[in-house]
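Novice: Predicted model follows, preceded by the sequence.
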Amino acid sequence: MSERDFRALRASYRAVLLDVGTGDGKHAAHLARRHPDLLVVGLDANRDNMRKVSARAAANPARGGLPNVLFVWAAAEQLPAELREVAALHVLMPWGSLLRGLLGADPALLCGLADACRSGAEFLVTLNLHAWRPPVPEVGDRPEPTPDSARATLAACYAAAGWRLTGAHYLDADQIAELATSWTRRLTSSRNQFDVLALAGTIN
Ligand SMILES: C[S@@+](CC[C@H](N)C(=O)[O-])C[C@H]1O[C@@H](n2cnc3c(N)ncnc32)[C@H](O)[C@@H]1O
């Protein structure tokens, strides 16, 4: 897509919601269906998982296509310059370098995401706490976060990058289901209990 085409597409919608690490894009497609006034951009460093949902979205709207969703193959560390003035930022169940960045180990990643947002943009991050049970390499020696520890320590890392953490809480089963991500569905079906910590706030 050319920059001009992107600008024209962008101009047709009230605001942009960016889903970073979108995976197979189900959450992005779900949001696009629910909010036809928003342009939803699903972005992931892995192109292949987005193919199916992207092809489906490109279909005729009468056949279930979604004109207001776009999938971008890029790393969160190198966002396309065209992605500006994002009004809402979602990062659900990050892993790899995205998880490391969201835990504060890569301030440049947080700053880069903040730069793509408009002032006052809302963010939602959901952390799969089973990444600490046992700990995956990306979490390093950081202990499993809790609502209290997120407010006490992570909030400061976030603040340094322009992210203001205003809420940290565990999600219940209904709230997890509401996210409509394939990843949570997969993990929920393989466990009696699935623990997710949600972090919410605004980008200054
Ligand atoms: C566990 S999956 C979650 C996918 C989706 N958010 C969900 O909940 O179903 C994590 C995703 O983050 C993506 N990812 C990891 N590091 C990334 C980075 N630096 N930039 C962009 N995407 C990244 C992976 O490719 C993967 O698709």
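Specialist: Arrived safely. Residues are numbered from 1 along each chain as shown.
Novice: From residue 20, how far out is residue 95?
Specialist: Using Cβ to Cβ, to the nearest Å, one obtains 12 Å as the distance from residue 95 to residue 20. Where you see a C-beta, it was placed from the backbone N, CA and C, and this is true even at glycine.
Novice: So between these two, which is more surrounded?
Specialist: Of the pair residue 95 and residue 20, residue 20 is the one with more neighbours under other Cβ atoms under 10 Å, namely 28 against 14.
Novice: My guess is that one contacts residue 43. True?
Specialist: Yes. In this structure residue 20 lies within contact range of residue 43 using Cβ atoms under 8 Å: 5.3 Å.
Novice: residues shared between the contacts of these two?
Specialist: With contacts taken as Cβ atoms under 8 Å, 6 or more residues apart in numbering, the residues that reach both residue 20 and residue 43 are residue 76.
Novice: Would you quantify the distance from the residue of the chain found nearest the ligand to residue 64?
Specialist: Across the chain, no residue is closer to the ligand than residue 23, which sits at 2.5 Å (Cβ to the nearest ligand atom). For residue 23, the distance to residue 64 (Cβ to Cβ) stands at 20 Å.
Novice: Between the two, which has more neighbouring residues?
Specialist: The residue with more neighbours, out of residue 23 and residue 64 and counting by other Cβ under 10 Å, is residue 23; that gives 21 against 11.
Novice: helix/strand/coil for that one?
Specialist: Look at residue 23: counting by DSSP: H, G, I helix; E, B strand; the rest coil, its state is coil.
Novice: How about the contacts made by it?
Specialist: Residue 23 touches 44, 46, 49-50, 93, 181-183, counting by Cβ under 8 Å, 6+ apart.
Novice: What about the residues you listed, which are in helices?
Specialist: Among these, the members falling in helices are 182-183 (criterion: DSSP state H).
Novice: quick one, phi psi at the residue of the chain closest to the ligand?
Specialist: phi 70, psi -120 (degrees, to the nearest 10).
Novice: Following the worst-scoring helix or strand of the chain on mean pLDDT in sequence, what is the next regular element?
Specialist: Per-element confidence for the chain was summarised using mean pLDDT, DSSP states H and E. The lowest value among helices and strands belongs to helix 182-189, with a mean of 73. The first helix or strand that comes after helix 182-189 along the chain, using DSSP states H and E, is strand 196-203.
Novice: For that following strand, which helices and strands make contact with it?
Specialist: Here strand 196-203 is seen to pack against strand 117-128, strand 163-170 when contacts are counted using 3 or more Cβ pairs under 8 Å, 6 or more residues apart in numbering; DSSP states H and E.
Novice: now those as TSV including distance to the ligand and mean pLDDT?
Specialist: Putting the helices and strands packed on strand 196-203 into TSV (distance: least, Cβ to the nearest ligand atom, whole Å; pLDDT from 0 to 100) gives the following:
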stretch	distance to the ligand	mean pLDDT
strand 117-128	7	98
strand 163-170	17	97
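Novice: any idea which of these is most buried?
Specialist: strand 117-128 (a mean of 20; mean count of other Cβ atoms under 10 Å).
Novice: contacts for that strand?
Specialist: Outside of strand 117-128, the residues within contact range by Cβ under 8 Å, 6+ apart are 18, 84-95, 99, 102, 145, 163, 171, 179, 183, 187, 194-204.
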